[in-house]
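1. Quick one, structure for this:
(2 chains)
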Amino acid sequence: DAGVIQSPRHEVTEMGQEVTLRCKPISGHNSLFWYRQTMMRGLELLIYFNNNVPIDDSGMPEDRFSAKMPNASFSTLKIQPSEPRDSAVYFCASSSGGGRPEQYFGPGTRLTVT
Amino acid sequence: GESVGLHLPTLSVQEGDNSIINCAYSNSASDYFIWYKQESGKGPQFIIDIRSNMDKRQGQRVTVLLNKTVKHLSLQIAATQPGDSAVYFCAENRNDYKLSFGAGTTVTVRA
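-> Residues are numbered from 1 along each chain as shown, chains lettered A, B, ... in the order given. Below you'll find the predicted structure:
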């Protein structure tokens, strides 16, 4: 079975540019999560979708960050404009719900903003 | 505030020995705990989970122990192998969708 798929794996961009990260959750999973991981702050939950609807976006740093889930098999996280402090590894995770809260993570996108 | 934390940030273990990774949690309402393994350049990988109505659960070469009295969770890895070198995170769930992750313990296996 395919796990969570993320693209691109690496992204290097200049400050001020728009960045779009993509995620395909595990088929049949109805919950999707976006995380950011840094050495200083560890794993931070940015946003949570359930059945394609954003439920909790309290972790989104600021208005420069936005996320969408147009259908059950695709989600995007967009940063516009990007800043050097956005440099981090961004993970997408999905879970099946139904009383099993374990989440399955994708390989991550390493973002570097110069 | 309430948090999940790890006792030790690093652990060095001889290949073939058993490893024990510890985790403390402070929220007695947590009812589900998970251990993740994160290798360099990869996402966290689910290892094993345990519910609060259990004290022990075993998997392949791994055992998770839960002591609710002192709010302590541990992961035991039997016969540690070089491929076990990674960062290990414990995470707790409080009967909702969120997982609260600890800071992580870096395990290094010496040949």
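2. how about the residues of chain B near chain A?
-> Proximity of chain B to chain A is confined to B:32, B:34, B:36, B:41-46, B:49, B:89, B:93, B:96-99, B:101, B:103-104 under the rule Cβ under 8 Å from any Cβ of the partner chain. No exception for glycine: its C-beta is placed from N, CA and C like everyone else's.
3. make it 6 Å
-> Along chain B, the residues adjacent to chain A under the rule Cβ under 6 Å from any Cβ of the partner chain are B:32, B:34, B:42, B:43, B:44, B:46, B:49, B:93, B:97, B:101, B:103.
4. roughly how far apart are the third one and residue A:89?
-> This points to residue B:42. Distance, residue B:42 to residue A:89, using Cβ to Cβ, to the nearest Å: 10 Å.
5. And for residue B:37?
-> When Cβ to Cβ is applied, the distance between residue B:37 and residue A:89 equals 16 Å.
6. Neighbours of residue A:94, how many?
-> 25 (other Cβ atoms under 10 Å in any protein chain shown).
7. residues contacting it?
-> For residue A:94, the contact set (Cβ atoms under 6 Å, 6 or more residues apart in numbering or on different chains) comprises A:4, A:25, A:26, A:29, A:32, A:104.
8. if you set the cut-off to 7 Å instead, what comes out?
-> For residue A:94, the contact set (Cβ atoms under 7 Å, 6 or more residues apart in numbering or on different chains) comprises A:4, A:25, A:26, A:29, A:31, A:32, A:103, A:104.
9. List the beta-bridge partners for it.
-> Taking DSSP bridges as the rule, residue A:94 bridges to residue A:32, residue A:104.
10. what's the pLDDT at it?
-> The confidence metric pLDDT takes the value 96 at residue A:94.
11. Next, work out how far apart it and residue A:102 are.
-> From residue A:94 over to residue A:102 (counting by Cβ to Cβ), the distance is 10 Å.
12. Residue B:78 too?
-> According to Cβ to Cβ, residue B:78 and residue A:102 sit 22 Å apart.
13. picking up where we left off before, and which of the residues of chain B next to chain A is nearest to residue A:61?
-> Comparing the residues of chain B next to chain A against residue A:61 with Cβ to Cβ picks out residue B:101 as the nearest, at 17.7 Å.
14. That closest one contacts residue A:43, correct?
-> Yes: with contacts defined as Cβ atoms under 7 Å, residue B:101 counts as touching residue A:43 at a distance of 4.7 Å.
15. so residue B:61 touches residue B:80, yeah?
-> No: between residue B:61 and residue B:80 no contact is recorded; they are 8.7 Å apart, counting by Cβ under 7 Å.
16. between the two, which one's more packed in?
-> For the pair residue B:61 and residue B:80, the greater number of neighbours falls to residue B:80 (20 against 13), based on other Cβ under 10 Å.
17. Low-confidence stretches in chain B?
-> B:1-8 (pLDDT under 70).
18. ok, residue B:23 - how many residues close by?
-> Counted by other Cβ under 10 Å, the residues lying close to residue B:23 total 27.
19. tell me which element it falls in.
-> Counting by DSSP states H and E, the secondary-structure element that holds residue B:23 is strand B:19-25.
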